[in-house]
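Chemist: Got a predicted structure plus its sequence, pasted below:
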Amino acid sequence: MSKKILIVDDDPNNIFALRLTLKARKYQLESCMMADEAIRILKEDKDFCIVLMDMMMPEIDGYEAIKIIRNTPEISKMPIIAVTAQAMDEDRQKCLEAGAQDYIKKPIDVDLLLNAIEKHC
């Protein structure tokens with residue numbers, strides 16, 4: 001059975017690109033555009049091996065979403081890769097401090113992304 005990934009991003013173009021890239025590598029994919037929906041999905045489906053979390057989203061941003069996930073016992077151990085256009089050193093640190101296992105900047109380097117997924121999933 002292939003690994004299941006949840007993509008959380010408010011930009012449908014980013015979701016499309018990630019789905020295209022990861023589907024070609026036989027991952028099972030689900031996506032959503034809002035952090036609160038991602039949290040609901042994770043609570044309902046424990047089969048995900050990792051979450052790709054966009055950090056800049058409306059309402060609940062990725063930082064807050066990761067903190068909520070880390071404070072929700074049934075999903076607190078879920079591996080999360082922060083995906084962001086913010087490329088400063090302090091942004092990487094902020095993502096890791098929020099609870100992400102890894103950090104990938106946009107535009108996404110596919111090899112780095114795949115390595116990060118395999119490392120944590």
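Modeler: Nice, I can see it. Every value quoted in this text rests on a predicted model; they were computed, and no experiment measured them. Residues are numbered from 1 along each chain as shown.

Chemist: What helix or strand is the residue nearest the centre of the chain located in?
Modeler: Centroid-nearest residue in the chain: Leu52, 1.5 Å away (criterion: C-alpha atoms, centre = their mean). According to DSSP states H and E, Leu52 maps onto strand 48-54.

Chemist: Just the buried residues of that strand, please?
Modeler: Applying a neighbour-count criterion of 16 or more other C-beta atoms under 10 Å, one finds Phe48, Cys49, Ile50, Val51, Leu52, Met53, Asp54 buried in strand 48-54. (Glycine included, C-beta is placed from N, CA and C.)

Chemist: what helices or strands is that strand leaning on?
Modeler: Strand 48-54 is packed against strand 4-8, helix 35-44, helix 62-70, strand 80-84, helix 110-120, with contacts defined by 3 or more C-beta pairs under 8 Å, 6 or more residues apart in numbering; DSSP states H and E.

Chemist: Serialize these to a markdown table and add fields for mean neighbour count and distance to Asp102.
Modeler: Below are these laid out as a markdown table (neighbours: other C-beta atoms under 10 Å; distance: least, C-beta to C-beta, whole Å):
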| stretch | mean neighbour count | distance to Asp102 |
| --- | --- | --- |
| strand 4-8 | 22 | 13 |
| helix 35-44 | 17 | 17 |
| helix 62-70 | 20 | 12 |
| strand 80-84 | 25 | 5 |
| helix 110-120 | 15 | 4 |
